[in-house]
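[1] The sequence isn't on hand, but the structure is:
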């Protein structure tokens with residue numbers, strides 16, 4: 001069964017959103033600016049007691065923790081990295097399957113929403129794991145959030161396309177012969 005023009009455009013749109021999510025996710029995993037904060041030093045004086053004075057900037061990502069005027073130290077967030085990377089791989093696979101179904105709707109059309117759903121769950125879990133330990137307040141973490149938004153946008157579009165063709169295409173076995181039937185007829189919008 002071939003796609004109608006609307007569903008073909010929707011499948012292309014779902015794959016574009018998936019590939020944009022993969023690109024943003026790879027950028028987010030590769031850069032080192034997930035959290036940025038100010039480093040404070042304690043100043044003690046006789047009148048106030050203790051005062052905090054800003055003394056530089058601290059930033060970290062999934063691989064390094066850096067401070068102003070100091071060398072970076074290795075700090076690998078393995079769980080966050082692996083879970084987000086697995087999510088990006090599922091997102092990439094979902095985009096590829098969406099593109100592979102463009103010429104003709106086959107039985108693999110059901111795998112696309114499943115792969116995108118698993119990608120959304122894994123990428124969200126990776127963000128929650130990082131956010132449980134540190135703030136999500138800088139470029140890389142916001143890029144990963146944008147990647148998750150693109151994944152969550154591609155998911156219902158791919159599910160709509162797969163669901164539409166699962167309702168339209170049915171096959172029945174009659175006298176050991178396969179006959180295709182249509183449960184719902186395609187209409188032109190006016191019910192005709």
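    It's in. If you're wondering where the values come from, they're calculated on a predicted model, not measured in any experiment.

[2] What's the mean pLDDT across the helix or strand containing residue 151?
    Assigning secondary structure by DSSP states H and E places residue 151 in helix 139-168. When pLDDT is averaged along helix 139-168, the result is 88.

[3] Distance from the chain centre to it, please.
    8 Å (Cα atoms, centre = their mean, to the nearest Å).

[4] packing partners for it?
    Counting contacts by 3 or more Cβ pairs under 8 Å, 6 or more residues apart in numbering; DSSP states H and E, helix 139-168 packs against helix 5-30, helix 78-100, helix 111-131. The way it works is simple: take the backbone N, C-alpha and C, and place the C-beta from them, glycine included.

[5] pLDDT score assigned to residue 4?
    The model's pLDDT for residue 4 equals 75.

[6] My error: substitute residue 67 in the last question.
    For residue 67, pLDDT reads 85.

[7] For it, grab phi and psi.
    Residue 67 has phi and psi values of phi -130, psi 160 when expressed as degrees, to the nearest 10.

[8] picking that back up, including mean neighbour count and distance to residue 55, could the helices and strands packed on helix 139-168 go into TSV?
    Output for the helices and strands packed on helix 139-168, formatted as TSV (neighbours: other Cβ atoms under 10 Å; distance: least, Cβ to Cβ, whole Å):
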stretch	mean neighbour count	distance to residue 55
helix 5-30	20	29
helix 78-100	21	28
helix 111-131	21	26
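
[9] For my notes, please list these in TSV and give distance to residue 67 for each entry.
    Listed next are the helices and strands packed on helix 139-168 as TSV, based on distance: least, Cβ to Cβ, whole Å:
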stretch	distance to residue 67
helix 5-30	21
helix 78-100	21
helix 111-131	19
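
[10] Over to the closest residue in space to residue 77 that isn't next to it in sequence. Which of the three states is it?
    Distances taken as Cβ to Cβ, 6 or more residues apart in numbering place residue 62 nearest to residue 77, at 4.6 Å, with adjacent residues excluded. Under DSSP: H, G, I helix; E, B strand; the rest coil, the three-state class of residue 62 is coil.

[11] residue contacts, residue 14?
    Shown in contact with residue 14 (Cβ atoms under 8 Å, 6 or more residues apart in numbering): 95, 98, 112, 116, 154, 157, 158, 161.

[12] Go through those and name the one nearest residue 40.
    residue 154 (42.4 Å; Cβ to Cβ).
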